[in-house]
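Novice: Curious how this folds, go ahead:
(one chain, ligands or ions: 1)
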Amino acid sequence: MTPPRIRVRFAPSPTGELHIGNARTALLNWFFARRCGGELVLRIEDTDRIRTTDAFEETLLDDLKWLGIDWDEGPGAGGAYGPYHQTGRLEIYGDCLRRLIAEERVYPCYCTEEELKAERADLFSRRTAPRYLGKCRRLTDGDRRRLENEGRLPAWRFRVAEGPIVFNDLIRGAMTFQGEAIGDFIIVRSNGIPAYNFAVVADDHFMEISHVIRGEDHLSNTAIQVLLYRALGFAPPVFAHHALILGKDHTKLSKRHGAVSVREFRRRGIMPEALLNYLAILGSSFDDGREIRTAWELIEAFSLDRTGKGGAVFDEEKLLWLNGNYIRRYDPQALTDILIPFIRAAGYDERSFRREQLEGIVAAVRDNLSTLTDIGDFLEMFDDDRYRMSEEAAALLRGEEAKTVLLALRKALIPLAAGGEGGIVLEPAPQYRGIIGIVRSIQDNKTGLKGKKLYLPIRAAVTGRLHGPELDRIFTLLGPVSLLRRVEEALALS
Ligand code: GLU
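Specialist: Numbering: from 1, shown residues only. Predicted coordinates:
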């Protein structure tokens, strides 16, 4: 017998930007499919016609691609199990509904939203878990005709038997829910639109999904879905519910914790490799403790049991650390291309720089970037019109020792500035190594100043801050005229 094919799916609802929790679900499905040589299906769950938009769907597909996740079937990829949008599959749900009606597994429910709301409120006031108490289960044919004559359209509810609903979860083991706690649930609403649990069972069955990997917030839905699989005579897939991403306060990561969508992290200058790597190691443990891994290394090492049962706390610091690591993997030429949109977003026209000048700046600041948006700050540092002196730099420059250093530096710069702007190259230009040499001679001979006492005033004067890229690169990029101007300005402070 040939073993069953591995088919998994990611089934987002495009009602907002892709949450990183959902992106992690997509990633785990992708890893699993690629690890096992299986197929990943992308299914768009677009039955919520009010909140679903084409723009959200477009963003969603784009964000998945940006992360490096590809799918074998679904929008843009085709496939033999389509349509891949739920709104294109209404006939399939209709067929399933007719079977359940014929077998009396469902009944029409005429309760209005107000009536249901009142029932929920009543249960709540009696401290009982909200569920449908089965009013329409007991209607006679006559009652139904009367209600329909009033113009009421029925929803269809599934008859839930009392007793345990048991299923196995690959990550959590045996799970048990009680039918009486669930109550009869709607599978098709009065407007003909299927409820999530119903559509998902029909889709996962007809798309021949072998493994359903999703967040543990769906566990109670799975109990409902198991009932529907049984009623429809479908074999259920293997279920694996992974833990959710948590905020620092150990509640589910949400907007109040900060950025939560892939788009927001993108806008904030996180690299796709870093976000993918971070989401993959979050809540997982690898034997060798190595944290920086490429997508292929992650796929090779992937196993569902490693995703862990416990919730994983989102650690922004670690993401930024990974991001810096990935930024440093790019050479200045390629990194400059990646940075162009961020340069524009910071209010600069990249065409106002010569390309080699831009690459020089990128080469100089690359090690200091933890996000791509940081480039804005550094461009400001290299821009005579926008550069600002920070408070701490100004304070340092007011000291007597700083003045001694700056006077010596000014003296060294005057002849160079008279000779012109100087070249802009990737490597520090020799004349500025010369400057450092001159500065060093201040240290050796006259002032006795060395180390930080020597370099910090120089850094503060020419960059306006106390931390940043290597000084000789900054000298090269600014050129003697700018340098001299900044040193003069700094001297004017003291
Ligand atoms: N559309 C559902 C969601 O985004 C899919 C859940 C599932 O994977 O079944 O939560």
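Novice: Next one: the residue nearest to the spatial centre of the chain from the ligand, what distance?
Specialist: Nearest residue to the geometric centre of the chain (CA atoms, centre = their mean): Val262, 3.0 Å. Note on Val262: its distance to the ligand, by CB to the nearest ligand atom, to the nearest Å, is 14 Å. The C-beta positions use only the backbone N, C-alpha and C, and glycine is treated the same way.
Novice: can you pull the contacts of that residue?
Specialist: 17-20, 23, 63, 66-67, 275 (CB atoms under 8 Å, 6 or more residues apart in numbering).
Novice: Could you check the pLDDT of the closest residue in space to Val188 that isn't next to it in sequence?
Specialist: Once flanking residues are discounted, Val188 sits nearest to Trp156: 4.4 Å by CB to CB, 6 or more residues apart in numbering. Note for Trp156: predicted pLDDT of 98.
Novice: Kindly list the main-chain dihedrals of Ile186?
Specialist: Backbone torsions for Ile186, taken as degrees, to the nearest 10, come to phi -80, psi 130.
Novice: ok, back up a step: which SSE is immediately downstream of the helix or strand where the residue nearest to Val188 lies?
Specialist: Assigned by DSSP states H and E, Trp156 belongs to strand 155-158. The helix or strand immediately downstream of strand 155-158 is strand 164-169, counting by DSSP H and E.
Novice: how far is the very next helix or strand once past that next one from where the chain is centred?
Specialist: Using DSSP H and E, the helix or strand that follows strand 164-169 in sequence is strand 173-178. The chain centre lies 31 Å from the centre of strand 173-178; the measure is CA atoms, centre = their mean, to the nearest Å.
Novice: Please save the CA atoms from strand 173-178 in PDB.
Specialist: C-alpha atoms of strand 173-178 as PDB (Å, rounded to 0.1, in the frame of the first residue of the first chain):
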ATOM      1  CA  GLY A 173      -2.000  13.900  23.100                       C
ATOM      2  CA  ALA A 174      -5.600  12.800  23.900                       C
ATOM      3  CA  MET A 175      -8.100  15.700  24.100                       C
ATOM      4  CA  THR A 176     -11.600  15.400  25.500                       C
ATOM      5  CA  PHE A 177     -14.500  17.900  25.200                       C
ATOM      6  CA  GLN A 178     -18.100  17.400  26.400                       C
END
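Novice: in its sheet, what does it sit against?
Specialist: Partners of strand 173-178 in the sheet, by DSSP bridges, are strand 164-169 (antiparallel).
Novice: give me the number of residues near Ile327?
Specialist: Neighbour count of Ile327, defined by other CB atoms under 10 Å: 27.
Novice: after the lowest-mean-pLDDT helix or strand in the chain, next one along is what?
Specialist: Across the helices and strands of the chain, mean confidence by mean pLDDT, DSSP states H and E is lowest for helix 430-441: a mean of 61. With elements assigned by DSSP H and E, the helix or strand that comes after helix 430-441 is helix 452-463.
Novice: The ligand contacts on the stretch 1-150 of the chain?
Specialist: With CB under 6 Å from any ligand atom as the criterion, the stretch 1-150 of the chain comes near the ligand at residues 11-13, 45.
Novice: Now go through these and say which are in helices.
Specialist: Among those, DSSP state H puts none in helices.
Novice: Would you reformat those as CSV and include neighbour count, distance to Asp349 and pLDDT?
Specialist: As requested, those are arranged in CSV below (neighbours: other CB atoms under 10 Å; distance: CB to CB, whole Å; pLDDT from 0 to 100):
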residue, neighbour count, distance to Asp349, pLDDT
Ala11, 25, 42, 98
Pro12, 22, 37, 98
Ser13, 18, 39, 97
Glu45, 18, 42, 98
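Novice: quick one: Gly283 from Arg43, how far?
Specialist: Counting by CB to CB, to the nearest Å, the gap from Gly283 to Arg43 is 25 Å.
Novice: Also Leu227?
Specialist: Using CB to CB, Leu227 is found at 21 Å from Arg43.
Novice: out of these two, which sits in the more crowded spot?
Specialist: Set side by side, Leu227 and Arg43 show more neighbours around Arg43, with 26 against 22, by other CB under 10 Å.
Novice: what about that one, distance to Arg290?
Specialist: From Arg43 to Arg290 the distance is 34 Å (CB to CB).
Novice: Farthest pair within the contacts of Val262?
Specialist: The most widely separated members of these are His19 and Trp66, with 15.0 Å between them, by CB to CB.
Novice: quick one, strands of the chain?
Specialist: Along the chain, counting by DSSP state E, strands occupy 7-10, 39-42, 106-109, 155-158, 164-169, 173-178, 185-188, 211-215, 238-242, 245-246, 312-313.
Novice: List the strands paired with the third one, with their directions.
Specialist: Going back to what we said before, that points to strand 106-109. Strand pairing (DSSP bridges) places strand 106-109 next to strand 155-158 (antiparallel).
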